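> Quick one, structure for this:
(2 chains)
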Number of protein chains: 2
Amino acid sequence: MTRDSDDPPARRRFLVQGAAAAAALVGGRARAEEAAPPAIPDGMKSPGADVGSQTYGTPSRFEADVIRNVPKGLKQYTSASSRTPLQELDGILTPNGLFYERHHGGIPDIDPARHRLMIHGLVETPLILTMDDIRRFPSESHIYFLECSGNPGFEAIKGKTASDLVGLVSCAEWTGVRLATVLREAGLKPEAQWVVAEGADAAALTRSIPIDKCLDDALLVYSQNGERLRPQQGYPLRVLLPGFEGNMNVKWLRRLNVTAEPAYSREETSKYTDSMPDGTARQFTFLMEAKSIITRPSGTQRIAPGFHEISGIAWTGRGKIRGVQVTTDGGRTWQDAALQEPVLTRALTRFRLPWTWDGQPTTIMSRAVDETGYVQPSFSDLTAVRGLKSFYHNNATVPWRIAGSGEVSNGYA
Amino acid sequence: MTRDSDDPPARRRFLVQGAAAAAALVGGRARAEEAAPPAIPDGMKSPGADVGSQTYGTPSRFEADVIRNVPKGLKQYTSASSRTPLQELDGILTPNGLFYERHHGGIPDIDPARHRLMIHGLVETPLILTMDDIRRFPSESHIYFLECSGNPGFEAIKGKTASDLVGLVSCAEWTGVRLATVLREAGLKPEAQWVVAEGADAAALTRSIPIDKCLDDALLVYSQNGERLRPQQGYPLRVLLPGFEGNMNVKWLRRLNVTAEPAYSREETSKYTDSMPDGTARQFTFLMEAKSIITRPSGTQRIAPGFHEISGIAWTGRGKIRGVQVTTDGGRTWQDAALQEPVLTRALTRFRLPWTWDGQPTTIMSRAVDETGYVQPSFSDLTAVRGLKSFYHNNATVPWRIAGSGEVSNGYA
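Next up, the predicted model:
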């Protein structure tokens, strides 16, 4: 009935020993021998809500504070962002309702029956496709992270919570069509080198994608975590470029213009370039490099001395996370965290490390290593190369300071 | 910048050939050379909705029909079920808002700060744990399906849509604590053979779980698809028994009583047993056996002649799906479908097969094979063994009839 071999005596010895060893594991909870059994809760005394009382469900009212983190006091919210509450989440997936947002012209309200995707430029046969056409192509599903390249800005990282610090990253299972399949349908001309993607938002957000990426793992996606894309994530169609900076994953996609040169659009000249110390700027820095953060315990949480599981997320645009190291003594020593299997390419990876806090002030921090051997840098290592004129692609380690009181706070602040 | 080796001449030859080969792929869509470019949509002419206009997002208003499938005209909805709209979903994950429901006493409204889990019976140290206590144990995350054992009842399968037929199955990433860890904390006595789980709902739903499963992959879960469990799925705590019938995965979990014998509760005597042709009944038939269904094209959809991707889901309580075979000629011949990687143990597996429909009436159907070699049976093969007195554990293949008009309907009806 189960898969394990049955060896009761050995198993039971293990369990008795295990109980003794684990007795120190959980501190501060009442044991039944010291406490009366819990009273019958009210919810058992009369029937609860009916099946179908929510035909599309929502979270418990006791989770009303677990929402997207919207910055307060901005002059406008049309071109702005909201962050995923990373410190409240478990596992590697982000529910669609909490997926981070970054819009440049607000969220358009698109009727999928009227939406069209035009593919033109250096192609044999220009195409205008309906959503039904797009859904008839062979499809694929993959779990990938998506991250804003300004997550956070290029500075000693500010904010209180894990969400404040690096909440512009989320992860989902995406379903759609290989971009290569659609481009093959149109037929690329030999001089095709770039595909310029345009969104149907008020910003007409435009980014140039190198042809090699278009023919590799790029997708045109219409579904996220099983259901159709949410309006905030590009309904009914977006580009998904695994591992590339968020704004290239053009939402509300209406146009793919195949070209020999990039568009040099606003979002790849005035914005989304990296000012270097020598006065030059890096352009077309697409890849999001390896990064990690401890989400529990993390800023604004409070811990008691005793056992804790340190848990967090790691990711890299270069492929798979190979390992995550965690320090609990401010960087003097590092231990390998366990990675939750399966570790997927260009997806969030959950790491965990058991830890017993002795009640002394300290600093905890994680650093990710990806399958290419790249190691997540400290902020000082990063700025030694990049200087302080940059804004994007800050993937520095995040220290959490733990006070003697157990209060956890931003180690940069 | 990308991982592929760069071989432009070969690549371009492939693309040109690919375009020719794929030209027949999508039928019936306008080509740009025949049509004017789409007009600028209204959504580009003025700013869209602000960032943060939904701090917890909801689907597009154009997806308002994608909801849980609630049966109409029941005498009561306190003990009833609603189904996942499988035919509307892609990939393997079910969004929490569309996860199937089956309640026996309605949905209780539980404050997690007041919720307690009591562990007692044949243990060294009875425990009463708060949710904070439970969240301090080492955690794990896994993607597992969950399925009602009456999905559907034991009969030639009725209904119109894939959801009507087998919509009592869903799949999510669950996070929680190994049940074995919590039982070790309490310390099992040598005579412990069963753990009787009780829910804090008005039905006090009670099921007995064999100790081997409790010490294997059983979890106490508090999160689903990243966020905390929804009330409909057991907020704040439920049992998760990978591959076992749904109602054993006790929701709103308040009590684990470790025993030498099963409880012989209502849900394992009067209900959830399988009447056999000889008048006996199978009891404690926990495992959900291999099953699959084509979700696209499926009942009430309509297809045109030409290319289609046949797509569906397969799953087995015994571990991983090894393969899915699809017939497009009513069972005369079968082809191997492609399985979306990664194939995960006790999770839904998405399968796909390219198919060109010639416009002639036919029947399509899938059958799953799991890693043990078990093959999903036809309904006649199943009833040859099980008779027709049963209700639960009908895992027969599902035929879809395709009329000359392209209308898809239930092949059993």
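
> A:L241 and A:R332: what is the separation?
A:L241 sits at a distance of 39 Å from A:R332 (criterion: Cβ to Cβ, to the nearest Å). In short, each C-beta sits where N, CA and C put it, glycine included.

> Please say which of the two ends up with more neighbours.
Each of A:L241 and A:R332 has its neighbours counted (other Cβ atoms under 10 Å in any protein chain shown); A:L241 has more, 28 against 9.

> who's in contact with that one?
A:I209, A:K213, A:D217, A:A218, A:M248, A:N249, A:F286 (Cβ atoms under 8 Å, 6 or more residues apart in numbering or on different chains).

> Tell me the one of the residues you listed nearest A:G150?
A:M248 (13.1 Å; Cβ to Cβ).

> which stretches of the stretch 151-300 of chain A form strands?
Along the stretch 151-300 of chain A, the segments classed as strands by DSSP state E, counting those that start in this stretch run A:169-178, A:194-199, A:206-210, A:219-224, A:227-228, A:238-240, A:253-259, A:274-275, A:281-282, A:291-296.

> Quick one, which of the ones you listed gets closest to A:G387.
strand A:274-275 (7.6 Å).

> wait, does the closest one contact chain B?
No - using Cβ under 8 Å from any Cβ of the partner chain, strand A:274-275 stays clear of chain B, coming no nearer than 14.9 Å.

> picking that back up, please report which of the contacts of A:L241 has the highest neighbour count.
In terms of neighbours by other Cβ under 10 Å, those top out with A:A218 at 29 neighbours.

> What's the end-to-end length of stretch A:260-274?
Length of stretch A:260-274, first residue to last, Cα to Cα, to the nearest Å: 24 Å.

> Export the strands of the stretch 151-300 of chain A to CSV and append columns for mean pLDDT.
Output for those, formatted as CSV (pLDDT from 0 to 100):
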stretch, mean pLDDT
strand A:169-178, 98
strand A:194-199, 98
strand A:206-210, 98
strand A:219-224, 98
strand A:227-228, 98
strand A:238-240, 98
strand A:253-259, 98
strand A:274-275, 90
strand A:281-282, 92
strand A:291-296, 98
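
> quick one: contacts for the residue minimising distance to the centre of chain A?
A centroid search over chain A (Cα atoms, centre = their mean) returns A:S170, at 2.4 Å, as the residue closest to the centre. The contact partners of A:S170, taken as Cβ under 8 Å, 6+ apart, are A:T84, A:T94, A:L98, A:F99, A:Y100, A:F145, A:L146, A:E147.

> Recalculate using a threshold of 7 Å.
Residues in contact with A:S170 (Cβ atoms under 7 Å, 6 or more residues apart in numbering or on different chains) are A:T84, A:T94, A:F99, A:Y100, A:F145, A:L146.

> what about the nearest residue to the third one once chain neighbours are set aside, distance to A:I310?
Once flanking residues are discounted, A:F99 sits nearest to A:S170: 4.5 Å by Cβ to Cβ, 6 or more residues apart in numbering or on different chains. To A:I310, A:S170 is 21 Å away according to Cβ to Cβ.

> got it, and A:G359?
Distance, A:G359 to A:I310, using Cβ to Cβ: 16 Å.

> neighbour count winner among the two?
Taking other Cβ under 10 Å, A:G359 and A:I310 do not tie; A:I310 has more neighbours (22 against 13).

> doesn't that one fall inside a strand?
Yes - assignment of A:I310 by DSSP: H, G, I helix; E, B strand; the rest coil places it within a strand.

> Let me see the contact set for it.
A:I294, A:V326, A:R352, A:L353, A:W355, A:I364.

> Please convert the residues you listed to JSON lines, extending it with neighbour count and secondary structure.
Shown next, in JSON lines, are the contacts of A:I310 (neighbours: other Cβ atoms under 10 Å in any protein chain shown; DSSP: H, G, I helix; E, B strand; the rest coil):
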{"residue": "A:I294", "neighbour count": "27", "secondary structure": "strand"}
{"residue": "A:V326", "neighbour count": "22", "secondary structure": "strand"}
{"residue": "A:R352", "neighbour count": "20", "secondary structure": "strand"}
{"residue": "A:L353", "neighbour count": "21", "secondary structure": "strand"}
{"residue": "A:W355", "neighbour count": "17", "secondary structure": "strand"}
{"residue": "A:I364", "neighbour count": "26", "secondary structure": "strand"}
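
> Report the two of those residues separated the most.
Farthest-apart pair in those is A:R352 and A:I364; separation 13.0 Å (Cβ to Cβ).

> can you give me the helices for the stretch 1-150 of chain A?
Applying DSSP state H, counting those that start in this stretch to the stretch 1-150 of chain A gives helices spanning A:8-22, A:131-136.

> of all the residues in the stretch 201-350 of chain A, which ones are close to chain B?
Residues of the stretch 201-350 of chain A lying near chain B by Cβ under 7 Å from any Cβ of the partner chain: A:201-202, A:204, A:210, A:212-213, A:215-216, A:223, A:225-228, A:230-232, A:235, A:286, A:307-309, A:311, A:340, A:342, A:350.

> Can you say which of these are buried?
Buried subset of those (neighbour count, 16 or more other Cβ atoms under 10 Å in any protein chain shown): A:201-202, A:204, A:210, A:212-213, A:215-216, A:223, A:225-228, A:230-232, A:235, A:286, A:307-309, A:311, A:340, A:350.

> count of neighbours near the closest residue to A:V258 other than its chain neighbours?
Excluding its sequence neighbours, the residue lying closest to A:V258 (Cβ to Cβ, 6+ apart) is A:G121, at 3.8 Å. Using other Cβ under 10 Å, A:G121 has 19 other residues around it.

> still on that earlier bit, among the helices of the stretch 1-150 of chain A, which gets the worst mean confidence?
In terms of average pLDDT, helix A:8-22 trails the rest of these, at a mean of 37.

> For stretch A:261-269, list every residue counted as buried.
With burial defined by 16+ other Cβ under 10 Å, the residues of stretch A:261-269 counted as buried are A:P262, A:A263, A:S265, A:E267, A:E268.

> From A:H393, how far out is A:R282?
Separation of A:R282 from A:H393 (Cβ to Cβ) stands at 8 Å.

> tell me, what's touching these two both at once?
With contacts defined as Cβ under 7 Å, 6+ apart, the residues shared by A:R282 and A:H393 are A:D274.

> Mind checking which of the two has more residues around it?
A:H393 (21 against 13).

> Now do the phi/psi pair for the residue lying closest to A:H120 once chain neighbours are set aside.
Nearest non-adjacent residue to A:H120, counting by Cβ to Cβ, 6+ apart: A:P126, 4.3 Å away. Note on A:P126: its backbone torsions stand at phi -60, psi 150 [degrees, to the nearest 10].

> Quick check: A:P126 touching A:E185?
No - using Cβ atoms under 7 Å, A:P126 is not in contact with A:E185; the gap is 10.9 Å.

> So which of those two has more stuff around it?
Neighbours were counted for A:P126 and for A:E185 using other Cβ under 10 Å; A:E185 has more, 25 against 18.

> ok so, going back, which one of the contacts of A:I310 sits closest to A:S380?
Closest to A:S380 out of the contacts of A:I310 is A:I364 (18.0 Å), distances taken as Cβ to Cβ.

> partners of the closest one in the sheet?
A:W400 (DSSP bridges).

> my guess is it contacts A:V398, does it?
No - between A:I364 and A:V398 there is no contact, the gap being 9.7 Å when judged by Cβ under 7 Å.
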